[in-house]
Structure formats: C-alpha cells, structure tokens
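Participant: Mind folding the following:
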Amino acid sequence: MENILNIIGIENYIFLTVLLFCIGVFGVLYRRNAIIVFMSIEIMLNAVNLLFVAFSTYHQDAEGQVFVFFSMAVAAAEVAVGLAILVSVFRNLGSIDIDNLKNLKG
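Facilitator: Down below sits the predicted model:
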C-alpha cells in the first residue's frame, strides 16, 4: 500500500497550509466584521492542524493527530464562547462591526 504523501508530496501540503494561513491572516487584518474575523482565525487554526496531520502521516507517528484532536476540541469551545459574546454585543449595540466595539470601554 502506497502512502498518499508519496503520491501528492509533502511540499504540496506545506504550500496549501501556508496559503490557507495567509488567507486567514489577511482576513483578520483587513476585515471589520467580527464573524469574518472569527472565520479567519478558524482558517488559520485549520491550516496548522492540516500541517500537523501531514507531518504526522509523513513521519508515521500519531502524536500530531492526537494534538489536532485536542486542538479541534479547544477550537469548538472557542467558537461557542466567541459566538455567545458576539450575540451579546449585537443585542447591546445592534452591530457586530469591530470599530463599534471601541465604545465598550469603561
């Protein structure tokens, strides 16, 4: 049985994860909508998780995949808390624009 990384190559996985991470960074830096910022953070996290899985498969070791499992559990909790905060902000301000969050200071 041939390993999928021998067919596709580890370089392509690295290129894909760098591309996804850069898309996430640009989404965080240039977008003003809080939901899109959260989605961009998730794209960055998933890019790192993909890289962990690729290297774990490349080295034939399951430690990277176990780390990804725990990372995804933390990401799910982060999304739940983040969306709850966004719903609360939307109820108070009527908008989830990041520039409007400056008004929440003491």
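
Participant: From now on I want contacts and neighbour counts done on CA atoms only, so please keep to that.
Facilitator: OK.

Participant: Now the helix ranked longest in the chain: average pLDDT?
Facilitator: As assigned by DSSP state H, the longest helix anywhere in the chain is helix 63-93. For helix 63-93, mean pLDDT rounds to 90.

Participant: Pull the distance from it to the chain's centre.
Facilitator: Offset of helix 63-93 from its chain centre (CA atoms, centre = their mean, to the nearest Å): 10 Å.

Participant: Repeat that for stretch 93-106.
Facilitator: Offset of stretch 93-106 from its chain centre (CA atoms, centre = their mean): 23 Å.

Participant: next one: stretch 49-65
Facilitator: Remark: stretch 49-65 is offset 17 Å from the chain centroid, using CA atoms, centre = their mean.

Participant: Give me the buried stretch members for that stretch, please.
Facilitator: Within stretch 49-65, the residues scored as buried using 16 or more other CA atoms under 10 Å are Asn49, Leu50, Leu51, Phe52, Val53, Ala54, Phe55, Ser56, Thr57, Gly64, Gln65.

Participant: Distance of the residue sitting nearest the centre point of the chain relative to Val89?
Facilitator: Centre of the chain computed as the mean C-alpha position; nearest residue by CA atoms, centre = their mean is Glu42, 2.2 Å away. Going from Glu42 to Val89 by CA to CA, to the nearest Å gives 20 Å.

Participant: And Glu63, by the same measure?
Facilitator: Using CA to CA, we find Glu63 at a distance of 39 Å from Val89.

Participant: hmm, back to that, dump the buried residues of stretch 49-65 into TSV; add distance to Asp97 and secondary structure as well.
Facilitator: Converted to TSV, the buried residues of stretch 49-65 look like this (distance: CA to CA, whole Å; DSSP: H, G, I helix; E, B strand; the rest coil):
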residue	distance to Asp97	secondary structure
Asn49	29	helix
Leu50	30	helix
Leu51	32	helix
Phe52	33	helix
Val53	35	helix
Ala54	36	helix
Phe55	38	helix
Ser56	39	helix
Thr57	41	helix
Gly64	36	helix
Gln65	36	helix
